[in-house]
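Peer 1: need a 3D model of the sequence below.
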Amino acid sequence: MTLPRECGVTFDDEDRNNIQDPHHDGLIITLYISNCFVRMIFVDNGSSVNIIQLDTLKRENIPEFEIISKSSVLVVFNGEAKSTVGEIKLPVYVEGVNSIHKYCVINALTPFNVILGRPWIHEMKAVPSTYHQCIKMPTPWGIIKIQGD
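Peer 2: Numbers count the residues shown, from 1 in each chain. This is a model prediction of the structure:
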């Protein structure tokens with residue numbers, strides 16, 4: 001995606017409308033993944049992978065045979081190791097932009113249905129701001145904003 005040089009991502013006070021301070025909230029969004037709206041998506045620039053729960057795939061009626069069986073070990077922030085069930089590629093639709101992203105599938109209870117890590121953030125050229133509780137990213141039509149939930 002080639003953008004004009006003048007298309008810069010910026011944040012201002014208007015982006016903080018309806019934000020109650022003080023807050024230390026993480027950035028939680030809703031996106032259209034594989035033809036379903038998925039809530040409770042945590043945008044985590046500290047994660048080196050994108051993660052989706054097996055239960056989330058089941059709720060979207062995605063058959064398990066679409067998961068590529070490949071066990072990997074993920075180390076979470078407290079140093080605990082979690083094994084993945086496999087990997088899956090799923091389409092994501094954001095304001096006119098369709099893209100395919102790879103996710104590690106986990107079978108564990110977490111507070112989030114999906115964790116979008118640096119692979120998604122970088123590929124989309126997204127700029128998340130927990131302070132502003134939104135994400136901005138360039139598209140061929142200009143800068144779009146995804147408001148946090």
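
Peer 1: only C-alpha atoms from now on, for both contacts and neighbour counts.
Peer 2: OK.

Peer 1: tell me which residues touch the residue sitting nearest the centre point of the chain, please.
Peer 2: For the chain, the residue nearest the mean C-alpha position is Leu116 (2.9 Å; Cα atoms, centre = their mean). Counting by Cα atoms under 8 Å, 6 or more residues apart in numbering, Leu116 touches Ile41, Phe42, Val43, Asp44, Asn45, Ser47, Val49, Asn50, Ile51.

Peer 1: could you list everything Ser99 pairs with in the sheet?
Peer 2: Val92 (DSSP bridges).

Peer 1: you'd agree Gly117 is up against Val49?
Peer 2: Yes: using Cα atoms under 8 Å, Gly117 is in contact with Val49, at 5.2 Å.

Peer 1: sorry, back to before: what pLDDT does the residue nearest to the centre of the chain get?
Peer 2: The score at Leu116 is 97. That number is its pLDDT.

Peer 1: for the residue lying closest to Phe37 once chain neighbours are set aside, give its distance to Ser71.
Peer 2: Sequence neighbours aside, Leu31 is the residue nearest to Phe37 in space, at 5.6 Å (criterion: Cα to Cα, 6 or more residues apart in numbering). Shown here: Leu31 relative to Ser71, a distance of 26 Å by Cα to Cα, to the nearest Å.
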